[in-house]
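> kindly return the folded structure for what I paste below:
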Amino acid sequence: MATLEIRDLHVSVDTEDGAKEILRGVDLTVKSGETHAIMGPNGSGKSTLAYSIAGHPKYAVTGGSVHLDRVDVLEMSVDERARAGLFLAMQYPVEVPGVSVSNFLRTAKTAIDGEAPKLRTWVKQVNEVMDNLSMDRDFASRNVNEGFSGGEKKRHEIAQLELLNPTFAILDETDSGLDIDALRVVADGVNRFSAQGGRGVLLITHYTRILRYIQPDFVHVFVNGRVAEQGGAELAERLEAEGYDRYSKAGAAS
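Residues are numbered from 1 along each chain as shown. Model prediction:
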């Protein structure tokens, strides 16, 4: 069983007024086979956690550790983290003009596996994934995310997830901007990934609506760069009813 272990993680970003601490000591353990939902208000540090694990240069880790099966993730380059089994679905997927979806996916798969997939098998896999995500197969010949709607970009992220098949998937607000049909399609893709077994999911979201389709094993509430509370799926239901105000009020009182 693989384990992603985060201990006392502190992360800062540079601003015009100097370094600003975003994460203030995060502890979190995700095991393969588990789905963890991270919830919290805007600015609480949820996306900072995702990008720090993935190795975005904007975020400076000033303390703590991240280990994947006891191997120091923070010592790895971005591509080494991907080859080790970490995957990030971005909240705002970028456009890559001049690179087709098919070339992008096959190049990524080759980099992860160390060898190119057999073309006939690969084309079949890509078509199956696109069909499952209700994506027109013509998308494979289009430039990456160029002219894609928000929902199409998110479906493409899940296509990458299914084809690259990492050990741990970090999904940064994958439900953002999706209509109800696209939300179900994306959630089904995540559930197919999880159902293989031996895969872990860290799902970052503001809202509980995606959790109606993806059942979390654990829910963690982020407030002011820390885990303020954690529990099971029932915690998400309570947040739906009560919101985040009580956490901010408790923080102000303390």
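> now the residue nearest the centre of the chain. Nearest residue, chain neighbours left out?
The residue lying closest to the centre of the chain (CA atoms, centre = their mean) is residue 171, at 1.9 Å. Nearest residue to residue 171, sequence neighbours excluded (CB to CB, 6 or more residues apart in numbering): residue 89, at 4.6 Å. The way it works is simple: take the backbone N, C-alpha and C, and place the C-beta from them, glycine included.
> now residue 60, nearest residue through space, not along the chain?
Per CB to CB, 6+ apart, closest to residue 60 is residue 12, 5.1 Å.
> and what of residue 78?
Residue 78 sits nearest to residue 55 (CB to CB, 6+ apart), 4.1 Å away.
> go ahead and confirm the one you found touches residue 76.
Yes: counting by CB atoms under 8 Å, residue 55 touches residue 76, with 7.1 Å between them.
> okay, the residue nearest to residue 171: pLDDT?
On pLDDT, residue 89 comes in at 95.
> contact partners for it?
By CB atoms under 8 Å, 6 or more residues apart in numbering, the contact list for residue 89 reads 154, 157-158, 160-161, 169-172, 174.
> now for those residues, which pair is the farthest apart?
Within the contacts of residue 89, 154 and 170 form the most distant pair, 14.4 Å apart (CB to CB).
> re earlier: contact partners of the helix or strand that the residue nearest to the centre of the chain is a member of?
Element membership for residue 171, per DSSP states H and E: strand 168-172. The contact list for strand 168-172, computed with CB under 8 Å, 6+ apart, reads 2, 4, 30, 32, 46-47, 50-51, 53-54, 68, 85-91, 157, 161, 190, 193, 199-204.
> using PDB, write out every CA atom in that strand.
The C-alpha atoms that make up strand 168-172 are tabulated as PDB, following Å, rounded to 0.1, in the frame of the first residue of the first chain:
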ATOM      1  CA  PHE A 168      -2.000   9.500  -6.300                       C
ATOM      2  CA  ALA A 169      -4.300  12.000  -8.000                       C
ATOM      3  CA  ILE A 170      -4.500  15.600  -6.700                       C
ATOM      4  CA  LEU A 171      -7.600  17.200  -8.200                       C
ATOM      5  CA  ASP A 172      -7.700  21.000  -7.700                       C
END
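> show the average pLDDT along that strand.
Averaging pLDDT along strand 168-172 gives 97.
> what of stretch 115-129?
Mean pLDDT, stretch 115-129: 93.
> what comes up buried for that stretch?
Going by neighbour count (16 or more other CB atoms under 10 Å), the buried part of stretch 115-129 is 117, 122, 125-126, 129.
> what does it contact?
Identification of contacts with stretch 115-129 by CB under 8 Å, 6+ apart yields 102, 105-106, 109-110, 137, 140, 159, 162-163.
> same thing but at 6 Å, please
Contact with stretch 115-129 is made by 109-110, 137, 159, 162-163, as judged by CB atoms under 6 Å, 6 or more residues apart in numbering.
> with stretch 182-194 instead?
133-134, 151, 154, 158, 161-162, 174-175, 199, 201, 213-214.
> and for stretch 136-153?
93, 95-97, 99-102, 104, 127, 130, 177-178, 182.
> endpoints of it, how far apart?
The straight-line separation of the ends of stretch 136-153 (CA to CA, to the nearest Å) is 13 Å.
> stretch 35-46 too?
By CA to CA, the extent of stretch 35-46 from end to end equals 16 Å.
> avg pLDDT for the strand or helix carrying residue 219?
Assigned by DSSP H and E, residue 219 belongs to strand 218-223. Summarised as a single mean, pLDDT over strand 218-223 is 96.
> picking that back up, which of the contacts of residue 89 lies closest to residue 223?
Proximity of these to residue 223 (CB to CB) peaks at residue 172, which lies at 17.8 Å.
> show me what the closest one is bridged to.
Beta-bridge pairing for residue 172 (DSSP bridges): residue 204.
> now for it, how many residues are close by?
Residue 172 has 22 neighbouring residues, counting by other CB atoms under 10 Å.
> what's the strand holding residue 219 packed up against?
Secondary-structure packing of strand 218-223 (3 or more CB pairs under 6 Å, 6 or more residues apart in numbering; DSSP states H and E): strand 35-39, strand 226-231.
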